[in-house]
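**Q** structure of the sequence below:
(2 chains)
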Number of protein chains: 2
Amino acid sequence: MFNGGYTGRILRINLTEQTSTVEPLPQDLAREYIGGAGFTTKIVYDSVKAGTDPLGPDNVLVLASGPFSGTKVPCASRMAVGALSPLTGAMALSLTGGHFPVELKFAGYDVLIIEGRSEEPVYLWIDNDSVKFRKAGQLWGMSTSDCQTTIRNQLHDNNVRVACIGPAGENLSRMACIINELRAAGRKGMGAVMGSKNLKAIAIRGTGKVQVADEEKFKAARSRMTQAMKRSEHLYPQFSKVGTSMVVDATSALGIFPANNYMTTGEVSLADDLGAEAFGKRTRGSQPCYGCPVGCSQVRVVTDGKHAGTLSEGPEFETMYSLGSTVGIHSADFVIAADRLCDELGIDTMSSGVTIGFAMELFQKGIITLEDTGGLDLTFGNEETVLELLHLMSYRQGFGKVLADGSRIAGKLIGKDSGKYAMHVKGLELPAYDVRGAKAHGLNYATSFTGADHCRGYAFQELFGIPVPKAVDRFASEGKGELTVWNQDVRTATTDLPTMCGFLLDMALPDIALQNTADLMEAVTGLVYTPEEVQKAGERVNNLARLFNIRQGFTRADDNLPDRLISEPLAHGGSKGQCISREELDMMLDEYYDVRGWDRTGIPTPAKLAELGLTVAKGA
Amino acid sequence: MFNGGYTGRILRINLTEQTSTVEPLPQDLAREYIGGAGFTTKIVYDSVKAGTDPLGPDNVLVLASGPFSGTKVPCASRMAVGALSPLTGAMALSLTGGHFPVELKFAGYDVLIIEGRSEEPVYLWIDNDSVKFRKAGQLWGMSTSDCQTTIRNQLHDNNVRVACIGPAGENLSRMACIINELRAAGRKGMGAVMGSKNLKAIAIRGTGKVQVADEEKFKAARSRMTQAMKRSEHLYPQFSKVGTSMVVDATSALGIFPANNYMTTGEVSLADDLGAEAFGKRTRGSQPCYGCPVGCSQVRVVTDGKHAGTLSEGPEFETMYSLGSTVGIHSADFVIAADRLCDELGIDTMSSGVTIGFAMELFQKGIITLEDTGGLDLTFGNEETVLELLHLMSYRQGFGKVLADGSRIAGKLIGKDSGKYAMHVKGLELPAYDVRGAKAHGLNYATSFTGADHCRGYAFQELFGIPVPKAVDRFASEGKGELTVWNQDVRTATTDLPTMCGFLLDMALPDIALQNTADLMEAVTGLVYTPEEVQKAGERVNNLARLFNIRQGFTRADDNLPDRLISEPLAHGGSKGQCISREELDMMLDEYYDVRGWDRTGIPTPAKLAELGLTVAKGA
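**A** Numbering: from 1, shown residues only, chains lettered A, B, ... in the order given. The predicted structure follows:
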């Protein structure tokens, strides 16, 4: 039995058999993996064999909340989603907030495991202990907002929380996401996995509460955490008022805000109608996740022009790049409209936009022509084309068929050596930091188990100049292996496992994040950790995911960056002249592997695995 | 004190003063006016003087539920909305369903009266006895669905019901409507009145119950009603499965489904992709009003093409004409998409579509050109133009400025004798029945106090061949005065006052509607009526509204029809050769006035007023 934090229950759904079973949450799983991404990664590792079709019935979709979700720990009610990624072929991890994650806890579950494949479209209706499989033929084809509303109407309960897929997930776009409210478990194709299982939605209603093991310790730990948050320079009022839009300005100042598929990074003025000021004018308050006093998620509305009346939550910094600068569009109004369209279609704003930017570069270079695109003019900056492509990609129609599965597959389909312009690592499209000017961040892209992922090992030291654990030179490559391991493990340990908000670590708690997590774990769950043990849990997950990827066939060669970042120094702006040369990358990789306790081919040593309590089955 | 049905309370809101007061519902108001449209009409009559600017602070917006709303009377939980109409200048009446109306009752109010004008945008938050004025600057500019969601988020209560305006109401389009869920109090510009008061939304939460005066009588009356409903030929399963789309097929068969601004009515094949079959393919269940076992409101989703993923409730028959055939478009997918767009913009699908159809005729005739339209190609059938115009009308931009206030005003702005092609009566655009082939229906258009309104005096005898009170020849003009008076008064009495669904009368209860209403009134409220007294209440309201319109300057000359219906016999189809000649119309009007007890100028005689207990203040 658990003292607090955990419900102690896993709900396992088999869609093939249409059965549901409740299993106890193993004590050692909680102890070693804490929650969230720890649970998803372990369960996916244990469940999915090499050679599994990510869009077949043998893939598994795992949703896991954290031990603090549903308590009064601020900013901790998020959820991890894991599976074998259909986009990357690697371990997937996608995190999301809103109110769905905590409802899972209130319904009595730490983890939801979804196996198999339904013959007909269904949705799950989880009402505390009651689990029902309901026909979803009538929901098929609906946009995500309408799907959520329709389910609430059907169930005659406005308090039901719904996570669902849109047309992109139904049509198995490998960049489809899962949407709850206007929030996405956005990356790595989790929506396609759901769609492949013929699962349109998961509706949850929970009326339970989450206990805390020790009220006194909890009050003290929570108070320390909120005090630290208040001390933060950036969190209040700046971040809570402008959200991630401030990062456009910050990265522009560093000369690393990419534009036109990374062809013209560094021209700071590109951010003019995409930065904090532009989006600030359109902001109408915030829509915080459950239990969040910060409320970074800004509600924005377009008031003029052809997109007037369109609301979106966010869009976040990454989307200002992916559906803005990298497709050559510098319009806050457009980004808001395109962001909302993506949410309704259930397609990742990042991978979709970057893939379109890639195609636009090919179009500019003459590698593809109007004949290939079905007459669509893919000139950078063509707003109508971007909107139409988002639609076509989600429905796998016309030229959308070529782009629907991301830039890596698009490059293969197009051929003609086009793949070298595809800005991805391991198939995951690059985020909005041109890492030629932030090299630990680049090493993280190369080594993160999910591909080019800003949500793993975020190098806030380079990006915001925060000197924790120490000050660094963002252009230097030396020492970046060690820094990246720290960033990855601490981020995983303090953000992804306890499902706390990543922005806390980056902006408010970098120096006390491990201690804070340890304190909260003891107060909430009664499980006692040292800060080092917390960090070790993060390291364990990063190693286990590495083992999974190795089993999937990934090697050192996949710990790479797109050609452009290696061979083309930045021509303008605050990082002018910088790139990550092949030699630098190799040097950083060597250092990274060494610090990780991996051999120089990137394989964890037996000693490291033993230290982490990980064993690899023979032949695996 | 009331025994049941009524809450006995009126909530009066003054937006100028930001005050709210609760007043008792007068017993004699209930007795003589029953509820709904009776209350709104009486209160608007008493409150709004001649010469009042409908978009000024002295207009009043009145929302009134019926005595059965919130009880187990099926199909009775609707709501009337009244005001001086900015579109017609006459008494307005608009009815709507969904779940908002009953929430008003549960919160403890029969009537909500909104006076004055707020200086800044506000919304009302009515939580049972608590009434708050909340700033709505952040909601301004939002589409109606997002506005409803945002308010629920702000109030942290998913069970709040919201009625609101969209951009069209904010920009005072005289065809703006009030939207709750995806339902509209659609016609006569009620959204513009709300917008003129700077009132973005009304949020209501009620936890009360509605009492019934006599449980035993109630059970018996309710049972008789439901049995009658079950006996209906049309209600189940047809109407409950296909909704109003069946009327496209029915009117096409009669040759009275209009197309291209009434230029080509009668070409039945026009209905091919607009009828019950076309919409049936896209139907995904229904979304009934509170307490409705029929569920005519069909949820429909577009699955293919550029509008794929779009959901709408309905669209109703009228919209299949107004955003379909009359703008030359014969596509169910398009109508669904345009219907949803109108709901989000908060603009009436009927008046907006018919006004666009009018402009398209002018464009075809060369009366307006690309120069007038700002380059928009207004050729019949141009889908993109229709969508763009809906947007421009709602925002009063470009050529939308000319069309934003309906066809009557557009005709005046355009000049060149264009007004004769505007299909309206008293400024209200014509519904989807070409009354050249249904002459009582035409006389109703001419005489209804709200203008050309299919929701008053619906001539189901002509349209569906139902022989109640007797069989009629739809092409005949004789006897249509008497029939129209009956249709108007019985419809008002059994539908608009008790806020019962109009489809009940037309399809299930025509022969027992008066008795049914009398029975329910006694059982629910304890007030005893004969069927004749019920009918008299309807007559009272139609006379009172007439007095209001006379005060507003309306005369017999306004009881008219568009030129085309008078001078151009139908060229094709099942009503070929028919029109309503000037002589026929005059003859029908004379008969109508005579039956009404009005003089031949259309003014109620003192004897009639005395009979109805109506007195007119001197000089009024």
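
**Q** in the stretch 501-620 of chain A, which spans are helices?
**A** Using DSSP state H, counting those that start in this stretch, the helices of the stretch 501-620 of chain A run over A:502-507, A:513-525, A:531-551, A:563-567, A:582-596, A:606-612.

**Q** could you point out which of these sits nearest A:Thr265?
**A** helix A:563-567 (9.5 Å; C-beta to C-beta). Placement of C-beta: from N, CA and C, glycine included.

**Q** off-centre distance for stretch A:220-227?
**A** Chain-centre distance of stretch A:220-227: 27 Å, with C-alpha atoms, centre = their mean, to the nearest Å.

**Q** how about stretch A:378-392?
**A** On C-alpha atoms, centre = their mean, the centre of stretch A:378-392 falls 24 Å from that of its chain.

**Q** now do stretch A:458-477
**A** The answer for stretch A:458-477 is 22 Å, by C-alpha atoms, centre = their mean.

**Q** please apply the same query to stretch A:311-325.
**A** For stretch A:311-325 - counting by C-alpha atoms, centre = their mean - the centre lies 14 Å from the chain centre.

**Q** for it, what is the average pLDDT?
**A** In this model, stretch A:311-325 has an average pLDDT of 96.

**Q** start to end distance for it?
**A** 20 Å (C-alpha to C-alpha, to the nearest Å).

**Q** ok, back up a step: most tightly surrounded among the helices of the stretch 501-620 of chain A?
**A** Of all the helices of the stretch 501-620 of chain A, helix A:513-525 carries the top mean neighbour count, a mean of 25, counting by mean count of other C-beta atoms under 10 Å in any protein chain shown.

**Q** can you list contacts of it?
**A** Helix A:513-525 is contacted by residues A:2-6, A:30, A:34, A:67-68, A:71, A:73, A:76, A:212-214, A:217-218, A:220-222, A:224-225, A:228, A:490, A:493-494, A:498, A:500, A:504-505, A:509, A:527-535 when judged by C-beta atoms under 8 Å, 6 or more residues apart in numbering or on different chains.

**Q** buried residues, stretch A:278-295. List them.
**A** A:278-280, A:282-292, A:294-295 (16 or more other C-beta atoms under 10 Å in any protein chain shown).

**Q** between its first and last residues, how far does that stretch reach?
**A** 19 Å.

**Q** ChimeraX command to pick out the buried ones of the contacts of helix A:513-525?
**A** The buried residues among the contacts of helix A:513-525 can be selected in ChimeraX (16+ other C-beta under 10 Å) with this line:
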select /A:2,4,5,6,30,34,67,68,71,73,76,212,213,214,217,218,221,222,224,225,228,490,493,494,498,500,504,505,509,527,529,531,533,534,535
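
**Q** among the contacts of helix A:513-525, which are in helices?
**A** Secondary structure from DSSP state H places A:30, A:217-218, A:220-222, A:224-225, A:228, A:490, A:504-505, A:531-535 of the contacts of helix A:513-525 in helices.

**Q** enumerate every residue touching the residue of the stretch 501-620 of chain A found nearest chain B.
**A** Residue of the stretch 501-620 of chain A nearest chain B, by C-beta to the nearest C-beta: A:Cys501 (18.6 Å). A:Cys501 sits next to A:75-76, A:78, A:97, A:289, A:292, A:294, A:495 when contact means C-beta under 8 Å, 6+ apart.

**Q** give me the below-cutoff pLDDT ranges for chain A.
**A** A:268, A:270-271, A:616-620 (pLDDT under 70).

**Q** if we go to 50?
**A** A:619-620 (pLDDT under 50).

**Q** related to what we said a few turns ago, could I get the helices of the stretch 501-620 of chain A as TSV with distance to A:Gln18?
**A** What follows is the helices of the stretch 501-620 of chain A, written out as TSV (distance: least, C-beta to C-beta, whole Å):
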stretch	distance to A:Gln18
helix A:502-507	36
helix A:513-525	33
helix A:531-551	28
helix A:563-567	48
helix A:582-596	43
helix A:606-612	38
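
**Q** what's the closest of these to A:Lys200?
**A** Judging the helices of the stretch 501-620 of chain A by C-beta to C-beta, what sits closest to A:Lys200 is helix A:531-551, at 27.9 Å.

**Q** checking my notes, A:Thr41 in a helix, right?
**A** Yes: when DSSP: H, G, I helix; E, B strand; the rest coil is applied, A:Thr41 is found to be in a helix.

**Q** contacting residues for it?
**A** Contacts of A:Thr41 (C-beta under 8 Å, 6+ apart): A:33, A:82, A:91, A:93, A:541, A:544-545, A:548.

**Q** can you rerun that using 7 Å?
**A** Contacts for A:Thr41 (C-beta atoms under 7 Å, 6 or more residues apart in numbering or on different chains) come out as A:82, A:91, A:93, A:541, A:544-545.

**Q** what's the answer for A:Asn14, then?
**A** A:115-116.

**Q** surely A:Val81 meets A:Met190?
**A** Yes: A:Val81 is within contact range of A:Met190, at 4.9 Å (criterion: C-beta atoms under 7 Å).

**Q** overlap in contacts of those two?
**A** In contact with both A:Val81 and A:Met190: A:94, A:178, using C-beta under 7 Å, 6+ apart.

**Q** quick one, which of the two is more surrounded?
**A** A:Met190 (32 against 29; other C-beta atoms under 10 Å in any protein chain shown).

**Q** separation between that one and A:Gly457?
**A** Counting by C-beta to C-beta, to the nearest Å, the separation of A:Met190 from A:Gly457 is 20 Å.
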